[in-house]
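Undergrad: got a structure for you, letters missing:
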């Protein structure tokens, strides 16, 4: 089984030095494009490869790049979103800590494809080891002439800077990330204009995920057809899949795109811990809908997961077992989203704390008649199209699917469900 | 007064961006790095240097949870309270820390040794529960390890 992204990572996870990385084929894709590929040709290969953004939304990478006007005056920016903070997601950490040169190579090639001359790594503050390793790798790349002015004599220039954040989930939202890099509060921007036209400091900008950009060198070296063949389905490439929760062997694996949830759970994660049963899982981070037992044989790619009403998201699944409270589980997720809401738009700022309070009451067995219906109404009121960005709609995904699949778990904590005539909540404590 | 060293570091950050104010988060980080937290006085100094109003800078400073606008202890414990850690025992970890240190989330111990804060997902969910103390990450924590871990921080 081919593992282009992680195959060269050492057992002890120490990153390769530049010299070591070059020995396993590092920076070949950069040499290849600078020797005789136009930016358009690089874009065409990536488009043909069917690479889709690995940050969670799954937008085709080649198409995203194609909206950047190649002839626009400089500066133009390429940014890697390394602000991994989706609860339950721990995939980019590995690539950042243990394969920094692969990411940098992917960034240089991608910057060339959109003719960017400035690049930033927007790194989460908590990733201290990654910060050290990336700093060292950027320095090595400058010394080798892979970054800076006139890279390898080609006339192409690119600077790269590491920016470490200061917290807040919102920074992972593309336009909020740009605001944060500009020294502002991380609130989302109106689209259009899209960042490809008016991004960082009003200049054309591409923001891509770590795993996405780490795929680029391999696609350039081996071609679009090779990349497609790595996958078991129509979605191309390999994918970093993870499993956390009460399974025997939680972990992270690079596997062909399209393995089933059952394989991940049973073959790789070793099945549930003794004495526990699988009830469901969020397939790709906190903001994805639950999948349940009937979905275990679903292929974990973008369209297959979407077909059963969820999203592949980040591909790192969080398992819910039969001894863990469903209401507590969802309350924890909503607490996170309520806390991380930037407060910019009303449904999100006001709706999420209210939902959290009601879930808290239900969790304390003090739910009232009508609470579940109220929660259901909120999944629409905070749903797609009702808010400024995707944070609140994302938060509604686990809630709406939990009520759909585990309604009895909510109902059993509603007091006097069938007798109560009218229930107006006067006090709620959270 | 900003020290010469602080000014040098802030200037380095300003150098990377097209205009000064874009580096204000970096400037807050520099000051916090040297002074442990950002007091009203520090905020005033940074605002003046960045040619921003105090309110403008404070609106940025208070948005980000890793800029401390209140004093913290010598070591900041960040306990992950997100979903995978919650499933794997965050609550008992938090309660045990409270028992050992005599502080709840958001509090600083009387001897100023530790501040304990809740923190969203630390991105190490296959090794839950997790926490950070300063720059150090601890994973797969069992309660019987806590004494040995805490001992390292005086």
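TA: Here it is on my side, so go on. Given the structure is predicted, the values throughout are model-derived calculations rather than measurements. Numbering: from 1, shown residues only, chains lettered A, B, ... in the order given.
Undergrad: From chain A, how far out is residue B:42?
TA: Going from residue B:42 to chain A by CB to the nearest CB, to the nearest Å gives 15 Å. Any C-beta I mention is one placed from the backbone N, CA and C, and that applies to glycine too.
Undergrad: Show me which residues of the host helix or strand of that residue are buried.
TA: Element membership for residue B:42, per DSSP states H and E: helix B:40-50. Residues B:42-43, B:45-47, B:49-50 are the ones in helix B:40-50 that count as buried (16 or more other CB atoms under 10 Å in any protein chain shown).
Undergrad: and if you look at stretch B:92-102?
TA: Neighbour count says stretch B:92-102 has B:93-94, B:97, B:101 buried, by 16+ other CB under 10 Å.
Undergrad: Check which helices and strands the helix or strand that the helix holding residue B:42 is followed by sits against.
TA: Moving toward the C-terminus from helix B:40-50, the next helix or strand (DSSP H and E) is helix B:54-61. Judged by 3 or more CB pairs under 8 Å, 6 or more residues apart in numbering or on different chains; DSSP states H and E, helix B:54-61 is in contact with helix B:24-35, helix B:40-50.
Undergrad: which one of those lies closest to residue B:109?
TA: Ranking those by their distance to residue B:109 (criterion: CB to CB) puts helix B:24-35 first, at 19.6 Å.
Undergrad: In a markdown table: the helices and strands packed on helix B:54-61, plus distance to residue A:55.
TA: Below are the helices and strands packed on helix B:54-61 laid out as a markdown table (distance: least, CB to CB, whole Å):
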| stretch | distance to residue A:55 |
| --- | --- |
| helix B:24-35 | 22 |
| helix B:40-50 | 31 |
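Undergrad: closest to residue B:112 out of these?
TA: helix B:24-35 (14.4 Å).
Undergrad: That closest one and chain A, any residue contact?
TA: Yes: for helix B:24-35 and chain A, the contact criterion (CB under 8 Å from any CB of the partner chain) is met by B:24-26, B:28-29.
Undergrad: try stretch B:137-154
TA: Yes: residues of stretch B:137-154 contacting chain A under CB under 8 Å from any CB: residue B:137.
Undergrad: Run through who's touching that stretch.
TA: A:126, A:128-129, B:74-75, B:92-93, B:96-97, B:100-101, B:113-114, B:122, B:124, B:127-134 (CB atoms under 8 Å, 6 or more residues apart in numbering or on different chains).
Undergrad: Mind listing what's buried along it?
TA: B:137-139, B:141, B:146, B:150.
Undergrad: Repeat that for stretch A:234-243.
TA: Within stretch A:234-243, the residues scored as buried using 16+ other CB under 10 Å are A:235-243.
Undergrad: Spatially, which two of those are the most separated?
TA: Farthest pair in the buried residues of stretch A:234-243, by CB to CB: A:236 and A:243, 22.5 Å.
Undergrad: The helix or strand in which residue A:221 is found near chain B anywhere?
TA: Using DSSP H and E, residue A:221 sits within helix A:210-222. No: remark: helix A:210-222 sits outside contact range of chain B, by CB under 8 Å from any CB, the gap being at least 11.3 Å.
Undergrad: which stretches of chain A have low pLDDT?
TA: A:416-430 (pLDDT under 70).
Undergrad: Point to the residue nearest the middle of it.
TA: residue A:55 (2.9 Å; CA atoms, centre = their mean).
Undergrad: in what helix or strand does that residue lie?
TA: Using DSSP H and E, no helix or strand contains residue A:55.
Undergrad: Would you enumerate the residues in contact with it?
TA: Contacts of residue A:55 (CB under 8 Å, 6+ apart): A:81, A:172, A:208-209, A:211-212, A:314.
Undergrad: of all the residues in chain B, which ones are close to chain A?
TA: So chain B meets chain A at B:16-18, B:21-26, B:28-29, B:59-60, B:63-67, B:78, B:81-84, B:86-88, B:119-128, B:132, B:135, B:137 (CB under 8 Å from any CB).
Undergrad: now the residues you listed: which count as buried?
TA: Using 16+ other CB under 10 Å, the buried members of these are B:17, B:21-26, B:28-29, B:60, B:63-67, B:78, B:81-84, B:86-88, B:119-128, B:132, B:137.
Undergrad: Name the residues of the lengthiest helix in chain A that come out as buried.
TA: Determined from DSSP state H, the single longest helix within chain A is helix A:391-411. By 16+ other CB under 10 Å, the buried positions in helix A:391-411 come out as A:391-403, A:405-406, A:409-410.
Undergrad: list the helices and strands it packs on?
TA: Partner elements for helix A:391-411 (3+ CB pairs under 8 Å, 6+ apart): strand A:278-282, helix A:326-340, helix A:346-363, helix A:371-381.
Undergrad: Next secondary structure after the shortest one?
TA: Just to be clear, that refers to strand A:278-282. Using DSSP H and E, the helix or strand that follows strand A:278-282 in sequence is strand A:291-292.
Undergrad: Would you mind pulling the contact partners of that next one?
TA: Residues from elsewhere that reach strand A:291-292, judged by CB under 8 Å, 6+ apart: A:261, A:279-283, A:298, A:305, A:308, A:310, A:405.
Undergrad: Which residue of chain B lies farthest from its centroid?
TA: Distance-from-mean max, chain B, by CA atoms, centre = their mean: residue B:18 at 27.8 Å.
Undergrad: Tell me the bridge partners for residue A:82.
TA: Judged by DSSP bridges, the bridge partners of residue A:82 are residue A:123.
Undergrad: burial count for it?
TA: 27 (other CB atoms under 10 Å in any protein chain shown).
Undergrad: how about it, what does it touch?
TA: Residues near residue A:82 by CB under 8 Å, 6+ apart: A:92, A:96, A:121-124, A:127, A:130, A:210.
Undergrad: again, only this time at 6 Å
TA: A:96, A:121-123, A:210 (CB atoms under 6 Å, 6 or more residues apart in numbering or on different chains).
Undergrad: Make TSV out of those and add neighbour count and distance to residue A:194.
TA: Output for the contacts of residue A:82, formatted as TSV (neighbours: other CB atoms under 10 Å in any protein chain shown; distance: CB to CB, whole Å):
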residue	neighbour count	distance to residue A:194
A:96	26	26
A:121	27	22
A:122	21	18
A:123	24	24
A:210	28	21
